[in-house]
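[1] Below: sequence and its predicted model.
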Amino acid sequence: MAHKDPAEKGKRQPVTTTPPDAKANAGALPSSEKRRPSAAPLRRAGYHFHWWHTAIVVASVIAVVAIGMGVKLVQVSGKVFGGSSNASVFDQLGHLIVPGDRQLKQDANHRTNILLAGYGGPGHDGAYLADTIIFVSIDNTTNDIATLSIPRDLLVELPNYGYRKINNALAFGMSDSNPHGGDSMLTNAIQEVTGQTVHYFAKVDFNGFKAAVDAVGGVDITVDTTFADYEYPDNNYGYQTITFQAGIQKMDGAKALEFVRSRHGTNGEGSDFARSKRQQKLLFALREKALSLGTLTNPTKVSDLLDSLGDHVFTTFELWEVARLGAIMKDLTPEKVVTRVLETTSDNLVVAGTGADNAYVILPRLGLGKWTEVHDLAANIFQLNIVQREAATMQVVNATTKTGFAESVGHTLRGFGFDVQTVASPKELAANVTTVVDLTGGKAPQTVASLQQRYNATVLTSLPSALTLTPGKTIVNSNANGNRNVPAKGGSASGGNAAAPPNVILILGNDALATATNTNSNTN
């Protein structure tokens with residue numbers, strides 16, 4: 001990081017003035033005119049005061065102060081912003097003060113992707129194992145933001161190490177000659193998992209996290225469920241008990257760290273997936289508090305925050321890019337935020353497994369190294385969030401020659417957030433072309449559009465004449481005597497929510513066999 005050298009004092013130069021006599025003789029008034037009174041006193045010759053003189057003085061003072069603060073800010077940020085290393089202090093100040101039309105790095109779909117990683121740091125067990133991994137995407141056309149939490153036990157292939165848990169990447173890639181090699185290894189692994197380009201990387205250790213929360217005076221978090229963790233690490237190779245009460249809680253840095261780290265909580269809070277949701281909640285609470293204090297728009301506060309973070313934070317952002325990011329975050333509203341977690345529920349895209357050393361690992365549902373479904377989720381995460389908000393109940397109908405195809409597709413769609421209530425396999429129903437039947441009256445356009453695009457389907461607004469829809473029995477071929485109805489998870493074909501007609505029906509034709517992302521051979 002370049003530093004501004006103190007300015008050298010120049011030698012005082014002699015001031016040349018016009019001799020008084022010469023000045024007086026040039027254009028002198030007659031004595032009678034000199035004595036003539038006037039309505040206002042004459043101003044001194046050569047000096048005319050204007051309001052803009054004051055403006056210039058004030059602006060100059062402000063500019064000097066701003067530049068001084070800016071230089072300090074850039075110098076402090078050199079410890080944090082790795083992306084600033086190739087720019088001089090004045091280049092960065094120029095970008096910060098006059099950003100022009102510069103935009104954050106983005107892909108062809110106008111998305112900016114950021115990888116956030118949290119780790120213990122020196123003094124903690126597994127100091128450089130990634131404890132938290134969150135993939136963040138910004139849609140620059142709408143300023144919507146999506147977060148996808150990646151489980152640290154996810155099994156990925158790491159260069160020279162084979163298949164290992166993804167949290168090892170941060171530590172494996174580090175070396176004395178390349179201290180940020182782990183950042184690159186983790187970034188490459190996330191790009192493999194998501195199928196998305198990562199434009200920026202940021203990591204923070206536990207001490208940096210606590211300092212950030214304390215720097216804004218703590219945060220208010222709504223704890224959804226009262227829980228206790230009797231196996232929380234005490235940093236002395238033992239355990240301690242921590243508890244959280246349901247409701248709004250004021251947390252300082254230490255308490256907030258416990259909240260996001262806890263892995264053995266009671267009342268359903270004992271999984272990495274519950275922990276990931278708490279981490280996402282904390283991030284947005286921290287953002288809200290920083291905005292309410294004006295931290296993100298106050299150079300002094302930003303400088304103080306960076307100074308406290310010191311060596312505990314590193315990012316590939318440049319300073320002006322953080323300012324641009326802050327502007328986006330400032331206008332963020334809850335409906336513009338998408339939060340998803342890769343978790344091992346029955347309707348998700350990853351499953352629990354056992355590694356070669358009998359360790360607990362997480363695998364893609366399609367098989368080791370097969371990330372197609374996760375790619376699909378990451379690529380369409382903004383659209384799928386709208387699908388969830390539309391909450392259109394669905395039925396998937398198998399009209400192909402492949403047994404169990406409706407169940408398989410229904411499982412995949414639920415993993416993406418579609419509300420698949422039932423699946424059915426009418427014995428005599430056959431179709432070559434996939435059809436989406438929209439019975440919502442146009443109230444679920446994103447759901448219909450996503451299905452149409454995913455399966456290259458034809459869209460109808462009423463059932464084909466050969467089909468009938470009976471509550472409790474789902475969809476049947478009007479000319480067939482038999483029908484196999486398979487209930488969705490937690491429901492039945494003749495009771496609960498499944499008794500109501502679906503809002504959207506996906507009739508899978510043989511053409512869907514080639515386009516469906518899930519090729520599992522599950523059977524009824």
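    Arrived safely, thanks for sending.
[2] going forward, measure contacts and count neighbours with C-alpha atoms only.
    Will do.
[3] can you map out the helices along the stretch 51-200 of the chain?
    Along the stretch 51-200 of the chain, counting by DSSP state H, counting those that start in this stretch, helices occupy 51-77, 89-97, 169-172, 181-194.
[4] Show me the domain layout of this protein.
    Partitioning the chain according to automatic domain parsing yields domains covering residues 111-370, 380-515.
[5] any low-confidence regions in the stretch 101-250 of the chain?
    Where the stretch 101-250 of the chain drops to pLDDT under 70, the residues are 101.
[6] any chance of the domains of the chain in JSON lines, with distance to residue 104 too?
    Formatted as JSON lines, those follow (distance: least, CA to CA, whole Å):
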{"stretch": "domain 111-370", "distance to residue 104": "6"}
{"stretch": "domain 380-515", "distance to residue 104": "19"}
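[7] For residue 103, find the nearest of the ones you listed.
    Of all these, it is domain 111-370 that lies closest to residue 103, at 7.6 Å by CA to CA.
[8] now this structure, which segments are flagged as low pLDDT?
    Filtered on pLDDT under 70, the chain yields the residue ranges 1-101, 293-310, 466, 469-499, 516-524.
[9] quick revisit: present the domains of the chain as CSV; the columns should include mean neighbour count.
    Converted to CSV, the domains of the chain look like this (neighbours: other CA atoms under 10 Å):
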stretch, mean neighbour count
domain 111-370, 18
domain 380-515, 19
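[10] Indicate which one of those is closest to residue 105.
    domain 111-370 (6.0 Å).
[11] Just the endpoints, please. Distance across the closest one?
    24 Å (CA to CA, to the nearest Å).
[12] residue ranges for the helices of the stretch 301-450 of the chain, please.
    319-330, 372-379, 381-390, 405-416, 445-455.
[13] would you put the C-alpha positions of stretch 114-126 in CSV?
    What follows is stretch 114-126, C-alpha atoms only, in CSV (Å, rounded to 0.1, in the frame of the first residue of the first chain):
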residue,chain,number,x,y,z
ILE,A,114,-19.4,-13.0,-3.6
LEU,A,115,-18.0,-15.8,-1.4
LEU,A,116,-18.0,-15.2,2.3
ALA,A,117,-16.0,-17.4,4.6
GLY,A,118,-15.6,-17.5,8.4
TYR,A,119,-12.9,-19.3,10.3
GLY,A,120,-11.5,-19.6,13.8
GLY,A,121,-8.1,-18.0,13.4
PRO,A,122,-5.0,-18.3,15.6
GLY,A,123,-5.8,-19.7,19.0
HIS,A,124,-8.7,-21.8,17.9
ASP,A,125,-8.9,-25.5,17.1
GLY,A,126,-8.7,-26.1,13.4
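[14] hmm, who's touching it?
    127-137, 187, 198-207, 235, 312 (CA atoms under 8 Å, 6 or more residues apart in numbering).
[15] looking at it, residue 388 is touching residue 418, isn't it?
    Yes. Using CA atoms under 8 Å, residue 388 is in contact with residue 418, at 6.4 Å.
[16] from the contacts of stretch 114-126, which ones fall inside strands?
    Counted as lying in strands by DSSP state E, out of the contacts of stretch 114-126, are 130-137, 200-205.
[17] Which one of those is nearest to residue 432?
    Closest approach between the ones in strands among the contacts of stretch 114-126 and residue 432, by CA to CA: residue 137, at 37.2 Å.
[18] if we can go back for a sec, what would the helices of the stretch 301-450 of the chain look like in TSV with distance to residue 345?
    Formatted as TSV, these follow (distance: least, CA to CA, whole Å):
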stretch	distance to residue 345
helix 319-330	31
helix 372-379	15
helix 381-390	17
helix 405-416	9
helix 445-455	22
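[19] Nearest approach to residue 426 belongs to which of those helices?
    Per CA to CA, nearest to residue 426 of these: helix 405-416, 10.7 Å.
[20] Can you spell out which helices and strands pack onto the closest one?
    strand 393-398, strand 419-426 (3 or more CA pairs under 8 Å, 6 or more residues apart in numbering; DSSP states H and E).
[21] Of all the ones you listed, which one is nearest residue 441?
    strand 393-398 (13.4 Å).
[22] what's that closest one packed up against?
    Applying 3+ CA pairs under 8 Å, 6+ apart, one finds that strand 393-398 contacts helix 405-416, strand 419-426, strand 504-508.
[23] got CSV for the ones you listed, with distance to residue 284 too?
    Listed next are the helices and strands packed on strand 393-398 as CSV, based on distance: least, CA to CA, whole Å:
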stretch, distance to residue 284
helix 405-416, 23
strand 419-426, 27
strand 504-508, 34
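[24] From residue 196, how far off is residue 108?
    Plainly put, residue 108 is 11 Å away from residue 196 if you go by CA to CA.
[25] my bad, should have said residue 410
    Note on residue 410: its distance to residue 196, by CA to CA, is 25 Å.
[26] swap in residue 239?
    Between residue 239 and residue 196 the computed distance is 39 Å (CA to CA).
[27] what does stretch 336-356 contact?
    Residues outside stretch 336-356 that contact it (CA under 8 Å, 6+ apart): 143-151, 273, 276-277, 280, 360-366, 373-374, 381-382, 385, 411-412, 414-416.
[28] how about 7 Å then?
    The contact list for stretch 336-356 (CA atoms under 7 Å, 6 or more residues apart in numbering) reads 144-151, 273, 276, 360-365, 373-374, 382, 385, 411, 414-415.
[29] what does stretch 229-237 give?
    124, 239, 240, 241, 242, 243, 262, 264, 265, 266.
[30] do stretch 253-265 as well
    Residues contacting stretch 253-265 (CA under 7 Å, 6+ apart): 209-211, 213-214, 218, 227-229, 231-232, 270-272, 275, 278-279.
[31] In strands, which of these appear?
    Of the contacts of stretch 253-265, the ones assigned to strands by DSSP E are 227, 228, 229, 231, 232.
[32] out of those, which one sits closest to residue 170?
    Distance ranking of these against residue 170, using CA to CA, places residue 232 first at 22.9 Å.
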